[in-house]
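Undergrad: sequence plus predicted model, see below.
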Amino acid sequence: MQQIKVKWPLNPQETVLFKVNGVYIKNSFSAKQGVLYITNERIVFEAKPMLMFLLFGIIGWLLTRKKVAQEFQLSDITDFKRTKHGFNKKIAEFDLIDGRKVRFGVTGKWEIFDAAYQKAMIDVQPLFSVN
């Protein structure tokens, strides 16, 4: 299995399990394109700076650093479901322990993303348990 490289720091025992292009949906009017990563500890969304692409073309876009726009621990997730946003029916919605809802549009097959998420969650110990 090929190791997925990232430009942000990983924790000592952290490994990247899955990578997919996607869109971070901030609200009904604002979204960022980028890459969504699932590690064994957290979910990280790395935004691509689209303004640099508009101003300087492909060269400016390639030279700019990507930045982490959103991240949260897998143990902070209280609920996960597939939902839709406009015509896109492949939206991953995460409810977090602090009350936030975070939504990402996922490219490619939904089943592959869902399987990667479920596999990552197998080893995560939730902070609280219902049973």
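TA: Noted; the coordinates are in hand. Because the structure is a prediction, the values reported are computed rather than measured.
Undergrad: surely L74 touches Q118?
TA: No: look at L74 against Q118 with Cβ atoms under 8 Å: they stay out of range, at 11.2 Å. The way it works is simple: take the backbone N, C-alpha and C, and place the C-beta from them, glycine included.
Undergrad: who's more crowded, these two?
TA: Using other Cβ atoms under 10 Å, the more surrounded residue of L74 and Q118 is L74, with 20 against 10.
Undergrad: check contacts around the more buried one.
TA: N40, E41, R42, I43, A120, M121, V124 (Cβ atoms under 8 Å, 6 or more residues apart in numbering).
Undergrad: so what's the residue count around the last one?
TA: Residues within reach of V124, counting by other Cβ under 10 Å, total 15.
Undergrad: tell me which element it falls in.
TA: Using DSSP states H and E, no element contains V124; it sits outside every helix and strand.
Undergrad: could you do the fourth one as well?
TA: In the assignment (DSSP H and E), I43 maps to strand 42-47.
Undergrad: what does that strand rub up against?
TA: Under Cβ under 8 Å, 6+ apart, the answer for strand 42-47 is 6-8, 14, 22, 24, 32-37, 66-74, 77, 94, 104.
Undergrad: can I get the contacts of L74 in CSV with distance to W110 and pLDDT?
TA: Conversion of the contacts of L74 to CSV gives the following (distance: Cβ to Cβ, whole Å; pLDDT from 0 to 100):
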residue, distance to W110, pLDDT
N40, 21, 92
E41, 23, 93
R42, 21, 94
I43, 16, 95
A120, 16, 91
M121, 16, 90
V124, 21, 74
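Undergrad: of the residues you listed, which is the most crowded?
TA: I43 (23 neighbours).
Undergrad: tell me which helix or strand comes right after the lowest-mean-pLDDT helix or strand in the chain.
TA: The helix or strand of the chain with the lowest confidence, counting by mean pLDDT, DSSP states H and E, is helix 50-63 at a mean of 57. Next along the chain after helix 50-63, taking DSSP H and E as the criterion, comes strand 67-73.
Undergrad: need the three-state assignment for the most centrally placed residue in the chain.
TA: By Cα atoms, centre = their mean, the chain has its centre lying nearest to L36, at 3.3 Å. Following DSSP: H, G, I helix; E, B strand; the rest coil, the label given to L36 is strand.
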